[in-house]
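Visitor: Need a 3D model of the sequence below.
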Amino acid sequence: MSQIAVIFWSGTGNTERMANAIAAGVQSAGNTAQLFSVSDFSEDKIDAFSSFALGCPAMGSEELEDSEFLPFYNAIKEKLAGKAVALFGSYGWGGGEWLNAWKADAEASGLKIIGTLAIENAPDENGIAECEALGKKLT
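Guide: Prediction:
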């Protein structure tokens, strides 16, 4: 059984709903998921987990949230090199382009991206199912 960390930042609750559904998918696949907001996760916990799901909504001009999530991500991304990582988040108007830039940065940093998921606004029933499917990919 694998230990999976689902770490997220959420402003409106949409990305948090996605995180909860991803964690449910992880657990339905027989693994253990632990949910963390970025403020509750520290670098010294990384070695306790085999895989990670990182979630952040699109902010501003299709960017990662820059006061809390981006500094957190920049601090841990090199330590996640070689580990399986899923990226996810919600967006409102920009079409989800921030996720493409984030994925490119993550891959350039050596992360093994096993999947990405962008959902417009709040996840509906289909969106929740997509989140659960993403969680099942993490081992």
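Visitor: And the next helix or strand past the worst-scoring helix or strand of the chain on mean pLDDT?
Guide: Ranked by mean pLDDT, DSSP states H and E, the weakest helix or strand in the chain is helix 97-108, scoring a mean of 94. Using DSSP states H and E, the next helix or strand after helix 97-108 towards the C-terminus is strand 112-120.
Visitor: List the contacts of the least confident helix or strand of the chain.
Guide: By Cβ atoms under 8 Å, 6 or more residues apart in numbering, the list of residues contacting helix 97-108 from outside reads 56, 58-59, 62-64, 77, 85, 87, 89, 91, 113, 116, 118. (Each C-beta comes from the backbone N, C-alpha and C, glycine too.)
Visitor: ok, which stretches of this protein are helices?
Guide: Listed in chain order, the helices of the chain (DSSP state H) span 14-28, 69-76, 97-108, 125-137.
Visitor: tell me the angle the least confident helix or strand of the chain makes with strand 112-120.
Guide: Orientation check (axes from the mean of the first three to the mean of the last three Cα atoms, to 10 degrees): helix 97-108 against strand 112-120 gives 170 degrees.
Visitor: Which positions within helix 97-108 qualify as buried?
Guide: Trp98, Leu99, Trp102, Lys103, Ala106 (16 or more other Cβ atoms under 10 Å).
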